[in-house]
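Engineer: Attaching a predicted model along with its sequence, questions to come.
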Number of protein chains: 2
Amino acid sequence: MRIIVCGMGVVGQSFLKLLLTSSTSLYKNYGIKPRVVACIDSKGIAYSPIGLDLEKVLAIKEKPSANLSDYGGAKLHSKSYIEEIDAEVFLELTPTNLSTAEPGLTHIISALRSKKNVITVNKGPLALSFSSLIELADYNNVMFRFSGTVGGGTPVLEFAKHCLKGDKITSFTGILNGTTNYILTRMADGLPFDEALKDAKEKGYAETNPSLDIDGDDAAAKLVIMANWIMGYKVTLRDVDKIGISNINQDEFSKATSSGKSIKLIAKCDKNELYVKPIPISKDDPIYVNGTLNAVTFRSEHSGEQTIIGKGAGGMETASSILRDLIEIKENMTNYQLN
Amino acid sequence: MRIIVCGMGVVGQSFLKLLLTSSTSLYKNYGIKPRVVACIDSKGIAYSPIGLDLEKVLAIKEKPSANLSDYGGAKLHSKSYIEEIDAEVFLELTPTNLSTAEPGLTHIISALRSKKNVITVNKGPLALSFSSLIELADYNNVMFRFSGTVGGGTPVLEFAKHCLKGDKITSFTGILNGTTNYILTRMADGLPFDEALKDAKEKGYAETNPSLDIDGDDAAAKLVIMANWIMGYKVTLRDVDKIGISNINQDEFSKATSSGKSIKLIAKCDKNELYVKPIPISKDDPIYVNGTLNAVTFRSEHSGEQTIIGKGAGGMETASSILRDLIEIKENMTNYQLN
């Protein structure tokens, strides 16, 4: 199974490390022999049709002046390298951009058009162009998977799709962003917003420019992915009714506390509503989780309410979601060949 | 797909009702045309090789003096009717018996030997003879599924098996019994054990003879099923270190409360331990749930900790788990035919 890895940040590097440690069990349990033929970042490409030495790639990435082209592998002949390189799977791991979805969107389209199965953890292309990407994958008879876009290592999407078969999910409610949940947890302890945000930055939970989290965009992007994939809606980021957390004050927390609640940034999807808003939630509610945890409650017709809780981020956790997608693609390829 | 339903209590009847309402979507989404050819309870059998009228069966069960033989279907010729009746799937839904596992164990063995796929929600046979039943199913080249034995409608077993592919679960901790969790929740409110138990009985959460729950046997049976199925252990009920909840007093609750905890009946499985015990749990722990809820936290090598929470019981919820198993069997049969 030949793989192209595009985007070599924390998740990309964690994925290579995970392959190094799990290659034996991948072959034994799933018959997968992964061969990474190209690693791409914004500066260069390491390419080898017979498979890259992953330890060598990781060593290059550890140098501050790293350039993957230093790998000294095979040469590429065209600028449209995503089409040129032969591979079964393309991993799109570049950073999320919720304005234009680029460069991820162009990468994914190129890969799908050249009949490569695609796995991404990049929310941008899905938040802005979900339906057309699914259609493009179907048209080219390849799989498009994105487990890591929601919940990091926590299999929120798989749970909804695979574990509730035969039932119909009618709505879901969740805490989909760990950074804002951490900030709100600290605010519930009495810290004002600015100090809680500063603390989140110091702990590495919030980016230098935290607006994607604070304004609710990250949660809204995940909500859009879930609404499309799980509920079959055709919505984009523009359809979400969205309020961030920067205007909440201590008075609101005091009021919530007095009735056994606390304020959480809640994403909700049902027949009538699609929103991300700070809302008081009962401390007895299973989705009431603190710190950087994420939680989602699904309501279904026959099997009642189910909640799934886990860390929403982390390099290795997200890399493990890519591995799950890879196994699903392999199983699908095998069935297809047999049929 | 011809089905035998053995055991016509709440779950069996809920399953027939679920089939009545979901037959269109089952065919449309999964290509399943279920045909219940026999319903069996302790008093009699309704049998029709062309498929029973489920509404007529349900109407018979609603009469206090009900006898399924009143259905007036086809005649059976031998006493070993489980072998005699032609069917692809046998549902074993008789009550759990943790001493001898009967009559469920004999039913399941008969069904597997006559090459029927088996679905059960009966914990007894699994708690006492897990490995040999799995081997018997493998030997006869049929599937044996039991999603409803743990978590009711909450897909705990499927989550562990399907949603964490490519990763390895190293341990799990859970609240696996809703009745005791309700009693402990009421005791945390200040009620003594006897009053909390009385309240649970009045609400219909506890049986007239509640020892299976109170003594931890029900939770231990579920723990055994999970340890075998998820972790690949070969253990039975006798291997569980088990303490019930009847000896907990209010002092222990006060002590727990003073450190932000409360006492829960915890089932745990890791490399060194297999136990069911009342233990103080932090109110910040995701498995800290109240009322009749169940919760399980799985720890895995790469994707961190994940918790799944849901109602552990309910006729319709458990019936929905049977439907999931049925869909899995159908998918497996289809792949098998194609290969």
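Structural biologist: On my side now, so go ahead. Numbering: from 1, shown residues only, chains lettered A, B, ... in the order given.

Engineer: okay, CA-based contacts and neighbour counts for the rest of this
Structural biologist: Fine.

Engineer: Provide the count of other residues in contact range of residue A:242.
Structural biologist: Around residue A:242 there are 18 other residues, counting by other Cα atoms under 10 Å in any protein chain shown.

Engineer: For residue A:277, give me the backbone phi and psi.
Structural biologist: phi -150, psi 150 (degrees, to the nearest 10).

Engineer: which ones are touching it?
Structural biologist: Residue A:277 sits next to A:216, A:241-245, A:265-267 when contact means Cα atoms under 8 Å, 6 or more residues apart in numbering or on different chains.

Engineer: what's the pLDDT at it?
Structural biologist: You'll see residue A:277 listed with a pLDDT of 98.

Engineer: List the beta-bridge partners for it.
Structural biologist: Beta-bridge pairing of residue A:277 under DSSP bridges involves residue A:266.

Engineer: who's in contact with the residue nearest to residue A:301 when sequence neighbours are not counted?
Structural biologist: Nearest non-adjacent residue to residue A:301, counting by Cα to Cα, 6 or more residues apart in numbering or on different chains: residue A:168, 5.6 Å away. The contact partners of residue A:168, taken as Cα under 8 Å, 6+ apart, are A:300-302.

Engineer: just the helices in the stretch 1-150 of chain A please.
Structural biologist: A:10-30, A:54-62, A:81-84, A:104-113, A:123-139 (DSSP state H, counting those that start in this stretch).

Engineer: list the buried ones in stretch A:238-257?
Structural biologist: Of the residues in stretch A:238-257, those buried under the neighbour-count criterion (16 or more other Cα atoms under 10 Å in any protein chain shown) are A:240, A:242-245, A:253, A:256-257.

Engineer: Other residues contacting that stretch?
Structural biologist: Stretch A:238-257 has contacts (Cα under 8 Å, 6+ apart) with A:180, A:187-188, A:190, A:192-193, A:214-217, A:220, A:224, A:262-263, A:265, A:274-278, A:280.

Engineer: which residues touch the closest residue to chain B within the stretch 1-150 of chain A?
Structural biologist: Here the stretch 1-150 of chain A gets closest to chain B at one residue, residue A:26, 6.9 Å apart by Cα to the nearest Cα. Residue A:26 sits next to A:32-33, B:166 when contact means Cα under 8 Å, 6+ apart.

Engineer: Would you agree residue A:42 is in contact with residue A:66?
Structural biologist: No: the pair residue A:42 / residue A:66 is not scored as a contact, 10.9 Å apart, by Cα atoms under 8 Å.

Engineer: Of these two, which one has the most company?
Structural biologist: Neighbours were counted for residue A:42 and for residue A:66 using other Cα under 10 Å; residue A:66 has more, 15 against 12.

Engineer: quick one: which of the helices of the stretch 1-150 of chain A is nearest residue A:315?
Structural biologist: Residue A:315 lies closest to helix A:10-30 among the helices of the stretch 1-150 of chain A, at 4.6 Å (Cα to Cα).

Engineer: Now do the closest one: distance to the chain's middle.
Structural biologist: Centroid displacement of helix A:10-30 relative to its chain, using Cα atoms, centre = their mean, to the nearest Å, is 18 Å.

Engineer: Enumerate the positions of it that are buried.
Structural biologist: A:11-19, A:25-26.

Engineer: Please work out the angle formed by the directions of it and helix A:54-62.
Structural biologist: Helix A:10-30 runs at 170 degrees relative to helix A:54-62, counting by axes from the mean of the first three to the mean of the last three Cα atoms, to 10 degrees.
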